[in-house]
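Enquirer: attaching a predicted model along with its sequence, questions to come.
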Amino acid sequence: MDAMIQLIHVSKWYDRRPALSDVMIEIEKGEFVLLMGPSGSGKSTILRMLIGEEQPDEGQLFVQGKNVTKLKRSEIPYLRRKVGSVFQDFRLLPKKSVFDNVALPLIVQGVSEKDIRRKVTEALRAVGVEHKRDQSPSSLSTGEQQRVCIARAIVNGPVVLLADEPTGNLDPELTGEIIELFKLINARGTTVVVATHNHHVMRQVNCRVISLMQGVVLPERAMPDRVGV
Amino acid sequence: MRRLFYLVREAWANMRTNRMTTIVAILTTAFTLTCVGIFLLLYVNLQHAAGWLQEDVKVMVYLEDRLSRDGRLQLELMLKSDHMVGSVLYISKEQALAEFRTQFPADSHLLEGLGENPLPASFVVTLAQNSRSPEAIKEWVEQVQTMGGVAKVDYNQQWISLLAELIGYIELAALGVGILLSAAAVTIIGNTIRLTLFTRREEIEILRSIGATGTFIRVPYFLEGAVLGACGSALSLGILKVGFELFRQQVQFVSRFSEMEGLISFFPLSACLALVLAGMALGFTGSVVSLLRIREGRV
């Protein structure tokens, strides 16, 4: 199996306080991984590093074989086009329609009008909100908004999908629906990394879990059935 | 195509979102550019007036009474063959007297008591187009004054020098005021863009997270700055035109200056377009200054 994500001896400090200490993680292509840990354990820091938003103080990070720590500033947008991001607060543009929100990553890449229509329709269909395409995100329920956020993250076919507390604003029922959606995306071959402190999620996914505590990776628990592996 | 449409639409949305700031920016830019425009208009018209006066520069070469006909013809030939000379007109003593009587009929009796015609014969020399600078005229006059048979050379040197000096000052003032007020316009537009950036910082964050390059993020703000600058500039031209027409009307009313009316003119169309483009450039510069902080992957 090829490694999709590698963190090699990664450390990070904020004001001399360690956020990550000598983290070693390897996630293979097509894997579904949960990054578990309480607030401040370093989950979000890892995700931010994987999209080049932060740099480690020590160590190296690789995404699809590319050393993220060595990327030039001008290369970071191109990394982000390969790595889809889902956020707890959705980060949708309220003045744009659902369709326009999802189309944004394709517009940024200069995809043709015809392909934008096709890909956005497919993504909206995949997350089950195709019928809401012309509505404003603010008129949608929180679950639907998160689905739109996921559609935006997968519309350009990323190799990795990173989700930072994607169910943080959702009730248990909606959490289950969103996790099912991630499983489907993973089943299509996308590597999925979900950072969460929600243990319900762990029970619903039944996948590899990487636990973090105060910036340190705890010994992994072996799960019997890995999704997508 | 959609990308271009998106960028233009974003620029328009930026301006609509901060409507009041946009209007204030356009008005203040228009005001500052109007001040620059007043100096420019003054400068252009004085240049025009100077050109017109220099067109009319005639150097009077008065001849000595004892100069023979051959000597006069020889001198006329010398003047005509000079590359600095455009045309030469001979005025005899009789013609000069007749002209004096025509121009000053009330004073013609002054000459009657003198018996002999006291007015000298002269050449009226119009200098060639490229030899009308105050320095060139002065140099040429000094040279002619040394020629045999020439009694005196006269021309409106003081007036031309004064005008040239005045134009020089206006040019300096226009340049100084222009630089100062252009910097003000850049700052005003820059602050407007900064405000837009602040109100749309979350959107910028989202764009960054989905892989938008710095250029993609910046273009709508560049467009916004350029449009603000162009609108401000166009408005300032409108204000100047209204002011100019009012001034011209006043000139028409005052009969003493009525001759001036034909002399003053507004900017030609090409200059108006150039000024709008200059406004655009100022606005664009304002955006660039504000957006220097946005680097790839960091706002």
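Expert: Happy to help now that I have it.
Enquirer: who touches the spatially most central residue of chain A in this structure?
Expert: With distances taken as Cα atoms, centre = their mean, the residue of chain A nearest its centroid is residue A:162 (1.2 Å). Residues in contact with residue A:162, defined by Cβ atoms under 8 Å, 6 or more residues apart in numbering or on different chains, are A:47, A:50-51, A:83-86, A:193, A:195. (Each C-beta comes from the backbone N, C-alpha and C, glycine too.)
Enquirer: and it, how far from chain B?
Expert: Distance of residue A:162 to chain B, given as Cβ to the nearest Cβ, to the nearest Å: 10 Å.
Enquirer: how about the secondary structure of that residue?
Expert: strand (DSSP: H, G, I helix; E, B strand; the rest coil).
Enquirer: and the gap between it and residue B:12?
Expert: 33 Å (Cβ to Cβ, to the nearest Å).
Enquirer: what are the boundaries of the helices in the stretch 51-200 of chain B?
Expert: B:69-81, B:93-103, B:109-112, B:134-145, B:157-199 (DSSP state H, counting those that start in this stretch).
Enquirer: how far off centre is the second one?
Expert: Between the centre of helix B:93-103 and the centre of its chain there are 39 Å (Cα atoms, centre = their mean, to the nearest Å).
Enquirer: helices and strands around the worst-scoring helix or strand of chain A on mean pLDDT, which ones?
Expert: When the helices and strands of chain A are scored by mean pLDDT, DSSP states H and E, helix A:199-205 comes last with a mean of 80. Where contact means 3 or more Cβ pairs under 8 Å, 6 or more residues apart in numbering or on different chains; DSSP states H and E, helix A:199-205 is packed against strand A:32-36, helix A:172-187, strand A:191-196.
Enquirer: and the contacts of that helix?
Expert: A:32, A:34, A:36, A:167, A:172, A:175-176, A:179, A:182-183, A:194, A:196, A:209, A:227.
Enquirer: can you select the buried ones from those in ChimeraX?
Expert: A single ChimeraX command selects the buried members of the contacts of helix A:199-205 (16 or more other Cβ atoms under 10 Å in any protein chain shown):
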select /A:32,34,36,167,175,176,179,182,183,194,196,209,227
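Enquirer: any chance of the contacts of helix A:199-205 in TSV, with pLDDT too?
Expert: Shown next, in TSV, are these (pLDDT from 0 to 100):
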residue	pLDDT
A:32	94
A:34	93
A:36	93
A:167	86
A:172	81
A:175	87
A:176	87
A:179	90
A:182	92
A:183	92
A:194	94
A:196	91
A:209	92
A:227	42
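Enquirer: out of the contacts of helix A:199-205, who's nearest chain B?
Expert: residue A:194 (16.7 Å; Cβ to the nearest Cβ).
Enquirer: for the nearest residue in space to that closest one that is not next to it in sequence, what are its contacts?
Expert: Closest residue to residue A:194 apart from its sequence neighbours, by Cβ to Cβ, 6 or more residues apart in numbering or on different chains: residue A:163 at 4.6 Å. Applying Cβ under 8 Å, 6+ apart to residue A:163 gives the contacts A:85-87, A:150, A:153, A:182, A:192-195.
Enquirer: tell me the residues of chain A that contact chain B?
Expert: Residues of chain A that fall close to chain B, judged by Cβ under 8 Å from any Cβ of the partner chain: A:51-53, A:72-74, A:76-81, A:85, A:87, A:91-93, A:95, A:104-105, A:107-110, A:112-113, A:116, A:152.
Enquirer: 7 Å - rerun?
Expert: A:52, A:73-74, A:76-78, A:80-81, A:85, A:91, A:93, A:104-105, A:107-108, A:110, A:113, A:116, A:152 (Cβ under 7 Å from any Cβ of the partner chain).
Enquirer: need the contact partners of the lowest-mean-pLDDT helix or strand in chain B.
Expert: Here the helix or strand of chain B ranked lowest by mean pLDDT, DSSP H and E is helix B:109-112, holding a mean of 70. By Cβ atoms under 7 Å, 6 or more residues apart in numbering or on different chains, the list of residues contacting helix B:109-112 from outside reads residue B:118.
Enquirer: can you name the residue of the stretch 101-250 of chain B nearest to chain A?
Expert: residue B:211 (3.7 Å).
Enquirer: in a strand, that residue, correct?
Expert: No. Checked against three-state DSSP, residue B:211 lies outside a strand; its state is coil.
Enquirer: what residues are up against it?
Expert: Residue B:211 is in contact with A:77-78, A:80-81, A:105, A:108, counting by Cβ under 7 Å, 6+ apart.
Enquirer: ramachandran angles for it?
Expert: When read as degrees, to the nearest 10, the backbone of residue B:211 gives phi 100, psi 20.
Enquirer: now do the SS call for residue A:189.
Expert: Relying on three-state DSSP, one would call residue A:189 coil.
Enquirer: re earlier: redo the contacts of residue B:211 as a markdown table? Include pLDDT, secondary structure and neighbour count.
Expert: Compiled in a markdown table, these are given as follows (pLDDT from 0 to 100; DSSP: H, G, I helix; E, B strand; the rest coil; neighbours: other Cβ atoms under 10 Å in any protein chain shown):
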| residue | pLDDT | secondary structure | neighbour count |
| --- | --- | --- | --- |
| A:77 | 94 | helix | 24 |
| A:78 | 94 | helix | 14 |
| A:80 | 94 | helix | 24 |
| A:81 | 94 | helix | 19 |
| A:105 | 94 | helix | 27 |
| A:108 | 90 | helix | 22 |
